[in-house]
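**Student:** What would the 3D arrangement of this be:
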Amino acid sequence: MSETTIDTASAAPADRLTPLLFALAIFTSASLVFVVQPMVTKLILPMLGGSPAVWNTAMVFFQAALLVGYGYAHLLQRIGSIRAQVGVHLGLLALAALFLPLRVSGLLGDPDPAAPILWLLSTLALSVGAPFAVLSATAPLLQAWYARVRAGHADGRNPYVLYAASNLGSFLALLSYPALIEPLAALSGQRWGWTAGYVAFGLMIVALALVVWRRRLDRSAEPAPLARSAAIPWREKGVLVLLAAAPSSLMLGVTAHLSTDVASAPFLWVIPLALYLLTFVIAFQNRPWIPLSVTLAVQAAVGAVVVLIVAFRSASWGMAFGIHLVAFFFAALMCHQLLAARRPPPDRLTEFYLLLSLGGVVGGAFTALLAPVIFNMVWEYPLVLVLVGLARPWGRGPLTRAQTALLLAAAVVALAPVLLSLWLNANDGARGRFYELFPGGMGQLAMIMLIPAAICAFLVRGRAPAFTAALLMITLSAQWIARGYDWSLSERSFFGVMRVANAPDPRMGGDVHVLMHGTTLHGAQARNELNECAPTLYYNTATPIGQSALMVQRRGPARIGVVGQGSGAMAAYKRAEDRLTFFEIDPMVDRLSRDPQWFSYISACAEGPVDTVLGDARLTLADQPAGSYDLLIIDAFSSDAVPTHLLTREAVAGYLRLLKPEGVVLLHLSNRNLEITLPAIAAAQELGVPVLHQIYYESGAAPDMAEASTEAVVLGRSEAALADFRADPRWKATRRTGIRAWSDDYVNLFGALWRSWFPPPERPF
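**Tutor:** Just a heads-up that it's a prediction; the model follows:
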């Protein structure tokens with residue numbers, strides 16, 4: 001790398017390749033360490049319903065395994081002989097190779113949806129723990145060896161620049177996964193390719209061993225241990241851990257925030273992680289591309305904006321995506337540049353990296369493991385966005401009069417939207433006139449009103465406590481305004497946040513209970529006796545889902561299966577002679593939909609019992625008897641994150657196996673951000689089964705919660721199964737599509753996102 005100064009002028013010819021070999025080995029190990037993370041998580045994702053929490057929990061495991069690797073590298077330095085260290089490391093690399101090729105261990109069986117975290121962490125440890133931990137030790141270990149082998153050379157006095165090579169390898173590997181590896185290679189090919197890379201890396205370590213042992217009989221050739229510097233004070237250790245913890249927490253927070261609205265997919269996972277690694281590359285350069293002074297200014301400006309918009313979902317997804325990533329990048333870069341400025345002498349190198357790794361685990365564990373337990377909503381992301389302001393310069397002495405005035409102005413401006421909102425809620429007439437003037441609602445006006453507060457925060461950026469206080473006031477005000485409904489209930493599980501609110505609608509007879517999962521409306525039920533058992537939204541009798549249920553029931557007693565329980569609205573269709581089974585991965589959803597305090601479709605509207613099978617639908621449906629269902633509704637794709645494994649060719653074949661001869665499968669494919677209809681049609685066409693398509697547009701005359709626009713396809717094992725649907729002009733035939741069907745070995749979510757942004761000129765229906 002250009003930033004690394006290598007004293008080759010005085011080096012012997014045999015030593016000239018040593019820096020290059022060290023850099024190449026570190027680059028390769030880092031690439032292997034980080035390309036395996038999305039690959040293994042993608043392997044395990046289908047067993048937990050495609051939840052975004054799978055990636056965040058997996059990241060905690062990888063950070064913990066990294067800590068183990070760094071701890072091993074640190075302890076290995078207690079062996080005085082560098083040759084002995086190389087021998088030990090080669091031995092552990094050989095032992096870890098016994099776990100190759102990588103695969104998901106089946107020793108623990110299927111996950112328990114009521115307690116998935118321990119299963120996930122344990123399965124990852126059994127599947128990839130050993131090779132990952134040994135590989136992750138490479139960066140600090142080789143840097144420590146390099147400092148000793150190159151003692152007396154200029155580059156040997158600053159081995160930290162090799163950390164840039166490590167993170168550059170990680171960065172490029174992560175970007176290559178969604179751009180090249182995932183689209184071009186099946187998962188089986190990825191596993192064998194990674195195994196080949198591991199073997200190649202082992203050969204590089206053997207080459208390094210030859211460098212270390214090139215004078216095996218000359219004991220004087222053993223590089224001397226570095227002189228010991230003063231111990232790192234405990235207070236300094238705490239600062240290092242906290243500076244490392246904040247970017248780690250923000251990385252997982254921004255990943256969950258973004259992937260919740262689209263899909264749990266590698267192309268969304270790797271972008272924040274790649275940016276996180278890029279900040280290390282920049283921070284540990286001899287001459288950083290972005291000076292700390294620039295970082296501090298940009299972080300203050302973008303940080304003040306992002307705490308304002310994080311509460312609102314009205315901005316376009318692409319714009320919000322960019323703003324959040326920029327804010328995260330500069331917050332992480334600021335922390336990592338401050339870390340780089342505090343790095344100790346080379347003899348404390350492995351201890352320094354151990355503290356950084358510990359901070360990564362602390363930040364990741366807070367976001368992925370602790371926050372879901374202590375918070376009933378996703379508060380951790382905006383909270384850390386605010387608290388990272390404390391890492392900025394604190395200044396000296398009391399605030400000036402100008403700074404005090406700016407802080408008071410920020411407080412007044414931040415409070416104004418809250419007071420206006422309370423006044424409007426207490427005055428119905430004023431609220432009506434307000435919405436005539438501001439059709440976008442209070443959220444739109446609040447974003448405009450809070451901009452001066454963000455400007456005030458930026459102007460006090462030189463005083464960390466004042467800046468952080470201003471951000472906190474903006475955040476609290478924005479979160480209050482953007483809360484939407486007055487929530488009666490908010491609960492959180494591994495699979496997301498479920499909230500229930502009462503939204504009165506006179507046209508539906510009064511009170512209406514709504515169920516939200518993240519930012520997606522998952523159900524609504526009128527609570528008056530007249531409309532209580534009328535299915536609403538996507539399940540209205542006029543939508544494709546309602547049509548399919550009524551068509552199948554006209555044939556006689558029906559056995560119906562529904563993947564995705566929501567508020568239980570499909571139970572409103574159940575007659576005494578029918579049998580209805582929900583397949584739901586989240587026990588919390590089942591509990592809420594069966595509680596008559598919130599929803600009564602199951603408890604009061606269904607005629608007879610309604611079953612629920614808990615667990616991932618691919619796993620639980622595989623246990624169902626073949627040829628037993630008249631109608632199977634796969635209703636999992638309109639949620640916040642798309643479980644792609646439920647839409648593969650193998651999944652569709654599994655659904656067809658469960659159908660009676662004239663049974664049908666309905667795939668509900670409404671989605672805000674992804675075009676997933678074409679892969680579904682392609683899967684049906686590859687399987688050689690008939691398929692029909694319908695887009696239903698809601699009537700503007702109906703109450704808001706009565707119905708929703710719905711896109712769906714229906715398929716059966718034979719033409720006879722779809723005869724009733726073909727007779728209905730609302731269902732349209734499909735033409736051959738050129739889109740590649742998804743499979744358990746291949747999913748292209750980036751293509752689905754691209755088609756959503758830029759629809760193809762001719763869709764095959």
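
**Student:** what about stretch 281-289, start to end distance?
**Tutor:** Distance across stretch 281-289, first residue to last, is 10 Å (C-alpha to C-alpha, to the nearest Å).

**Student:** Kindly report the same for stretch 679-696.
**Tutor:** 20 Å.

**Student:** in it, what counts as buried?
**Tutor:** Residues 679-685, 687, 689-694, 696 are the ones in stretch 679-696 that count as buried (16 or more other C-beta atoms under 10 Å). (Each C-beta comes from the backbone N, C-alpha and C, glycine too.)

**Student:** Among those, pick out the one closest to residue 634, please.
**Tutor:** Nearest to residue 634 among the buried residues of stretch 679-696, counting by C-beta to C-beta, is residue 680 at 9.3 Å.

**Student:** give me the element the closest one is part of.
**Tutor:** In the assignment (DSSP states H and E), residue 680 maps to helix 677-687.

**Student:** Could you tell me the average pLDDT over that helix, please?
**Tutor:** If you average the pLDDT over helix 677-687, you get 94.

**Student:** and what of stretch 619-635?
**Tutor:** 94.

**Student:** buried ones in that stretch?
**Tutor:** For stretch 619-635, burial by neighbour count (16+ other C-beta under 10 Å) applies to 619-621, 624, 628-635.

**Student:** Looking at the residues you listed, which are in strands?
**Tutor:** 629-634 (DSSP state E).

**Student:** for residue 580, helix, strand, or coil?
**Tutor:** strand (DSSP: H, G, I helix; E, B strand; the rest coil).

**Student:** quick one, what contacts it?
**Tutor:** Each residue near residue 580 by C-beta atoms under 8 Å, 6 or more residues apart in numbering is listed here: 560-562, 570-571, 573-574, 606, 610-611.

**Student:** mind redoing it with 7 Å?
**Tutor:** Residues in contact with residue 580 (C-beta atoms under 7 Å, 6 or more residues apart in numbering) are 560, 570-571, 574, 606, 610.

**Student:** from these, which two are the most distant?
**Tutor:** Between any two of these (C-beta to C-beta), the greatest distance is 11.0 Å, for 560 and 606.

**Student:** Pull the most distant pair out of the buried residues of stretch 619-635.
**Tutor:** Checking those with C-beta to C-beta, the most distant pair is 619 and 630, at 22.5 Å.

**Student:** tell me which of the buried residues of stretch 679-696 is nearest to residue 732?
**Tutor:** Using C-beta to C-beta, these come closest to residue 732 at residue 693, 5.3 Å.

**Student:** Go ahead and confirm that closest one touches residue 710.
**Tutor:** No: contact criterion C-beta atoms under 7 Å: residue 693 and residue 710 do not qualify, at 11.6 Å.

**Student:** sorry, back to before: tell me the helix or strand right after the helix holding residue 680.
**Tutor:** Following helix 677-687 toward the C-terminus (DSSP H and E): strand 691-696.

**Student:** Just name whatever secondary elements that following strand is in contact with.
**Tutor:** strand 710-716, strand 732-733 (3 or more C-beta pairs under 7 Å, 6 or more residues apart in numbering; DSSP states H and E).

**Student:** Contacts only, for residue 650.
**Tutor:** Residue 650 touches 743-744, counting by C-beta under 7 Å, 6+ apart.

**Student:** Show the backbone phi and psi for it.
**Tutor:** Torsion angles at residue 650 (phi, psi; degrees, to the nearest 10) stand at phi -70, psi -40.

**Student:** Next one: it from residue 618, what distance?
**Tutor:** According to C-beta to C-beta, to the nearest Å, residue 650 and residue 618 sit 9 Å apart.

**Student:** Does anything pack onto the strand of greatest length in the chain? Which helices or strands?
**Tutor:** Identified as the longest strand of the chain according to DSSP E is strand 659-668. Strand 659-668 makes packing contacts with helix 544-553, strand 629-634, strand 710-716 when contacts are defined by 3+ C-beta pairs under 7 Å, 6+ apart.

**Student:** which stretches of the stretch 351-500 of the chain form strands?
**Tutor:** 487-493, 496-502 (DSSP state E, counting those that start in this stretch).

**Student:** Enumerate every residue touching the nearest residue to residue 97 once chain neighbours are set aside.
**Tutor:** Closest residue to residue 97 apart from its sequence neighbours, by C-beta to C-beta, 6 or more residues apart in numbering: residue 198 at 6.7 Å. Residue 198 makes contact with 32, 97, 100, 131 under the criterion C-beta under 7 Å, 6+ apart.
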